[in-house]
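S.K.: Below is the sequence, then the predicted model.
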Amino acid sequence: MNGTTTIEEFKEAVLDPAKRRHYQLAWLSTVDHKRIGVLYMLTGLVFFIVGGVEALFIRLQLAVPNNHLLHPDTFNKLFTLHGTTMIFLVAMPLLFGFVNYVLPLQIGARDMAFPRLNAFGFWCQPFGGILLHFSILAGGAPAVGWFSYAPLSETPYSSTPGIDYWAIAIFVLGLGTISFAVNTITTVISCRGPGMTMRRLPLFTWMNFINSFLILIALPVLNAGLAMLLIDRQLEGHFFLPFRGGSAVLWQHIFWAFGHPEVYIVVLPAFGMISEMIPVFSRKPIFGYEFVAASTVAIVVLSSLVWGHHMFTVGMGRPMDLFFIITSMLIAIPTGVKVLNWSATMFGGRVRFDVPMLFCIAFLIQFTFAGLTGVSHASAALDWQTKNSYYLVGHFHFVFVGAIVFAMLGALPYWFPKMSGRMMSESLGRWTFWLWVIGFNMTFIIQHVLGLYGMPRRIFTYPDIPGWGWMNMLSTIGVFFMSAGSLVLLWNVAHSLFRGRVAGDNPWNAWTLEWATTSPPPHENFVALPPIHSRRPLWDLANPERPDPVVGDDQVVLPNHNTTGILAFLFSEVGFFGTLILAYLYFYAHPQAGPSARELDVPRTLVFSVCLFASSFTFWRSEVALRKQHRGSMLAWLGLTIVLGAIFLGGQANEYWKLFQSGVDLSTNMFSTSFFTLTGFHGLHVLIGLIVLLIFLWAAWEGDSVSSKFDSAFKSVGYYWHFVDVVWVFVLLTVYILPLMR
Amino acid sequence: MTTYQFFTTAWTWNSIVLIVSALAAVGYFFTFGRRGKPLYFAAALIAFLLAFVSPFSALANGYLFSAHMVQHILLVLVVPALLLLSLPRSFSLSSPLTHPLIGWIAGVGAMWLWHAPTLCNAAATSRAVSVIQTTSLLLMGSLFWWQVLAPSEEQRLSPPAGIIYLFTACTACSVLGIILTFAPVSICKVYEHPVDRLGILSTIRGDWGLTSDRDQQIGGLLMWVPMCAIYAAAILAQMARWHSSPQPKQSNA
């Protein structure tokens, strides 16, 4: 589909069966980053409608006091689905769609580093979304809120399979997100065009690059928590069941250790969009590139240290409250730096008020407001009063809608010309803008006031208290403005796709590389790249007499993408195993009656451990033999590695068998729950490693071992295998050696 | 003893510490003279004295785990960093100890090793172990910071590598901080039931409200949060270094 679409072409494609089949296949089996980007956005759009309708029902129910439009239980299900959908199935796919489409273009890459992994990551999204909503048919949607607090989420209190669907869906979405982050990091590190050094990256690319690390830090923690929750529900574990010795607060720690970074995971791509648009529409380079870039890094580091401010009301004790208050207030600094930089970029520029810029300005004002109410939550004393009130609801909707959705509503008309080759309508865009600004502020500003008046969140109806009725009604009316704005937007997209003004390569006179190619870009993205010496290559091209100052030298180092990718993946595994090990230690420190770590057979485990550690050595020998082209000895060492790994697994199976024989299984007590979970997941990793090694053995046997591709893939598998061994070092120390030191 | 009395009288005028500081100051000025950066050196010396002479030292000496943690952070992260910053640009070292891996292990090990219950107790009760601890902390801290603060640019890690180095060290220490914060048992038994040599214990437990588990929680939080803030500041410094690295001479094509 090169060039712009016309209605005749479209009709032909839909009506002619042969062509229809061609397009179906071309889109459903695509591994092209541009098409996957569009698919991501379409998925996000579909779920945006789903989540939006859910929100509409919530607001209709709350419009008047003592309303009985919805059953209380239905209301609980609706807000659970609404929250989960909007965060995991709307914000993330939409943002990732933009990243998928734009990021490779901005760095002059041909595609993402791993196109098929990219397709996998995308297909996890609709799969997860369908799983989540299938729970409605399968006996009851989850009704526990988007953070699914234990013990309410445990079997004794939520016996329908809704929570299981919820947990599996989020797990699947998490896998997709992690693969997306691995892909993004590898693309930026290994696939940049000539001259595109790391210091010259456009801010959208830089922020998503850094953000991908945050994804790799945060998502695995959630996945570990979800695995524990599923073990509780399906295998009768009791990680989060207080009456069996588990800890409900542990779930909160795990969830918010993910949950707070998650806010930044969705807001940083939005920051990236704003950082691209404001300079272009102010006709000035970004003010203080270095500060915007470095403050992103600061946000990533700090955001992993603030999750406790979601838990002030749990009773963590004064010392913990105090430290989390300080870090939460600190994180306002790098965020504030960004707002100042964006404002300073506009200052003194020739600001053009096109639709994308209108959304940027609304973003700036609304995000600043959201930040201020955010800082107020950092104070524990205030938080105790406003937590679980509509003040909080107003605050986070200002972040998610007022900042993130507005950034995307601006980014869509900004990049739509690149994607379709046609401009979106300015006048319809202004209608969308004003409907959204009025509707959004009408709905959510008043909710802050409602919260301060004492209206709690998550109530399905409320008595006729003076003031509450009209404020809620006002809030509900705002939703209709936003709905109308969305309908105008949908019409605008559909209409502009066929009838919009033809855009040309660079309709906004922007300066980053995506505007250097045709609209839409050809399959291979670029015919030729312009020379790159600064952060605005197209400015330099258009203004050869006064180019931007050269940034750094032109030398671009591109590490192998296989090894970069596997290292990024292993980085995510650290968080997963780290969470499991810390959970194990937590329950180790609170011993219960029944089996304990002291009854484990340490000498036998040591023998099997030596086998596993030795397999790292034999793998290294195999690599050396491969480098020297000794096929025979390479096969022998690889075979030995597999045998040693299998012995280790056999030992673990034997240990499990003996424990089962003596009546110890996962549900016996907290020790057995956490022990089987930790060692089981490690064993699973060894098993996967063994399967991969067998595939390599087979490939080498067949004689595929001579290509350089095989070399780097083999090296990557090696990293995985060594990593699994290193994890065992820590498991061995915590589970087997620690009790000996008592 | 009231709080006021304590803070006015509990200064430990330890002769060894004072002599070592004086010798170090004299040695510094004889070796580097005006080539060094004496302000950094003075700051290092003040931090060192803060750790050993001020009332913090008296508290760390068997009373409060959190005060011990302040001392620990000063000795591993603050004093060595300031010392390295005080060295003249020309100063260089060529030793196998300046390998990044060694530096990382030294920096993280200084945190983990000395908080193993046995070692932590031994350092708080035995004078000799305490001296070994102090020396090793300063040494390990210097090895750690060498990778990012070595006087000459060539001996430092590149800024992106430096960021990874600092971030992973920060994570490894945070994990220990988290464990200490949530540990239900006393890691350093000495601090659970202090020997009340100064007659201050009732003030600490009563007026200050520092029970032994709350004290350990604060200690863990100190290792977790302010220490990470130090690493975060160093990471930002690496970003600044990266973006200010020299421009090439070639012209713009």
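M.R.: Alright, I've got the coordinates.
S.K.: Dump the C-alpha coordinates for stretch A:435-444 into CSV.
M.R.: Output for stretch A:435-444, consisting of C-alpha atoms alone and laid out as CSV, is shown next (Å, rounded to 0.1, in the frame of the first residue of the first chain):
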residue,chain,number,x,y,z
LEU,A,435,-15.0,19.2,23.0
TRP,A,436,-12.2,17.3,24.9
VAL,A,437,-10.9,20.3,26.8
ILE,A,438,-14.3,21.3,28.0
GLY,A,439,-15.5,17.7,28.6
PHE,A,440,-12.4,16.6,30.4
ASN,A,441,-12.1,19.5,32.7
MET,A,442,-15.8,19.5,33.4
THR,A,443,-15.6,15.8,34.4
PHE,A,444,-12.5,15.8,36.5
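S.K.: average pLDDT for that stretch?
M.R.: When pLDDT is averaged over stretch A:435-444, the result is 97.
S.K.: got it, and stretch B:60-78?
M.R.: Along stretch B:60-78, the predicted confidence averages to a pLDDT of 92.
S.K.: before we move on, what about stretch A:552-568?
M.R.: With pLDDT averaged residue by residue, stretch A:552-568 scores 92.
S.K.: What is the end-to-end distance of that stretch?
M.R.: Using CA to CA, to the nearest Å, the gap from the first to the last residue of stretch A:552-568 comes to 26 Å.
S.K.: can you check stretch A:347-355 too?
M.R.: With CA to CA as the measure, the first residue of stretch A:347-355 is 19 Å from its last.
S.K.: what distance separates it from the centre of its chain?
M.R.: Centroid separation between stretch A:347-355 and its chain, computed with CA atoms, centre = their mean, to the nearest Å, is 32 Å.
S.K.: which parts of chain B sit against chain A?
M.R.: Contact residues of chain B with respect to chain A, defined by CB under 8 Å from any CB of the partner chain, are listed as B:160, B:163, B:167, B:170-171, B:174-175, B:178-179, B:181-185, B:214, B:217-218, B:221, B:224-225, B:228-229, B:231-232, B:235-236, B:239-240, B:242-243, B:245, B:247-248, B:250, B:252-253. The way it works is simple: take the backbone N, C-alpha and C, and place the C-beta from them, glycine included.
S.K.: Could you turn the buried ones of those residues into a PyMOL selection?
M.R.: Buried residues within the residues of chain B next to chain A, by 16 or more other CB atoms under 10 Å in any protein chain shown, are selected in PyMOL with:
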select buried, chain B and resi 163+167+170+171+174+175+178+179+181+182+183+214+217+218+221+224+225+228+229+231+232+235+236+239+242+243
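S.K.: Return the subset of the residues of chain B next to chain A lying in helices.
M.R.: Where the residues of chain B next to chain A overlap with helices, as defined by DSSP state H, the overlap consists of B:160, B:163, B:167, B:170-171, B:174-175, B:178-179, B:181-182, B:214, B:217-218, B:221, B:224-225, B:228-229, B:231-232, B:235-236, B:239-240, B:242-243.
S.K.: Going by neighbour count, which residues of the host helix or strand of B:I105 are buried?
M.R.: Counting by DSSP states H and E, the element that carries B:I105 is helix B:100-113. Of the residues in helix B:100-113, those buried under the neighbour-count criterion (16+ other CB under 10 Å) are B:100, B:102-111.
S.K.: can you tell me which residues contact the closest residue to A:H590 other than its chain neighbours?
M.R.: Nearest non-adjacent residue to A:H590, counting by CB to CB, 6 or more residues apart in numbering or on different chains: B:P184, 6.2 Å away. Residues in contact with B:P184, defined by CB atoms under 8 Å, 6 or more residues apart in numbering or on different chains, are A:589-590, B:213.
S.K.: Can you report how many residues neighbour B:T118?
M.R.: Using other CB atoms under 10 Å in any protein chain shown, B:T118 has 10 neighbouring residues.
S.K.: go on, A:G485?
M.R.: A count of nearby residues for A:G485, using other CB under 10 Å, gives 21.
S.K.: before we move on, what about A:R110?
M.R.: By the criterion of other CB under 10 Å, A:R110 has 14 neighbours.
S.K.: For it, give me phi and psi.
M.R.: Note on A:R110: its backbone torsions stand at phi -80, psi -40 [degrees, to the nearest 10].
S.K.: ok, now A:I691?
M.R.: Per-residue torsions, A:I691: phi -60, psi -40 (degrees, to the nearest 10).
S.K.: same deal with B:V185?
M.R.: Here is the backbone geometry of B:V185 (degrees, to the nearest 10): phi -110, psi 160.
S.K.: now it, nearest residue through space, not along the chain?
M.R.: With sequence-adjacent residues excluded and distances taken as CB to CB, 6+ apart, B:V185 is closest to A:A589, at 6.3 Å.
S.K.: so how far is B:P184 from that neighbour?
M.R.: Taking CB to CB, to the nearest Å as the measure, A:A589 and B:P184 are separated by 5 Å.
S.K.: for A:S662, same thing?
M.R.: Distance of A:S662 to B:P184, given as CB to CB: 28 Å.
S.K.: which ones are touching A:T84?
M.R.: A:132, A:142, A:146, A:166, A:169-170.
S.K.: what comes up buried for the helix or strand harbouring it?
M.R.: Assigned by DSSP H and E, A:T84 falls within helix A:72-84. When burial is assessed from 16+ other CB under 10 Å, helix A:72-84 yields the following buried residues: A:75-84.
S.K.: repeat for stretch A:325-333
M.R.: By neighbour count, and taking 16+ other CB under 10 Å as the criterion, the buried residues in stretch A:325-333 are A:325-328, A:330-331.
S.K.: Please convert these to JSON lines, extending it with secondary structure.
M.R.: Putting the buried residues of stretch A:325-333 into JSON lines (DSSP: H, G, I helix; E, B strand; the rest coil) gives the following:
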{"residue": "A:I325", "secondary structure": "helix"}
{"residue": "A:I326", "secondary structure": "helix"}
{"residue": "A:T327", "secondary structure": "helix"}
{"residue": "A:S328", "secondary structure": "helix"}
{"residue": "A:L330", "secondary structure": "helix"}
{"residue": "A:I331", "secondary structure": "coil"}
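S.K.: Out of the residues you listed, which are close to chain B?
M.R.: Near chain B, judged by CB under 8 Å from any CB, the entries from the buried residues of stretch A:325-333 are A:326-327, A:330.
S.K.: ok, these vs chain B, which is closest?
M.R.: A:T327 (5.9 Å; CB to the nearest CB).
S.K.: Do you have the helices of the stretch 51-200 of chain B handy? List them.
M.R.: Under the criterion DSSP state H, counting those that start in this stretch, helices of the stretch 51-200 of chain B are mapped to B:55-60, B:65-73, B:79-86, B:100-113, B:117-125, B:127-149, B:159-182.
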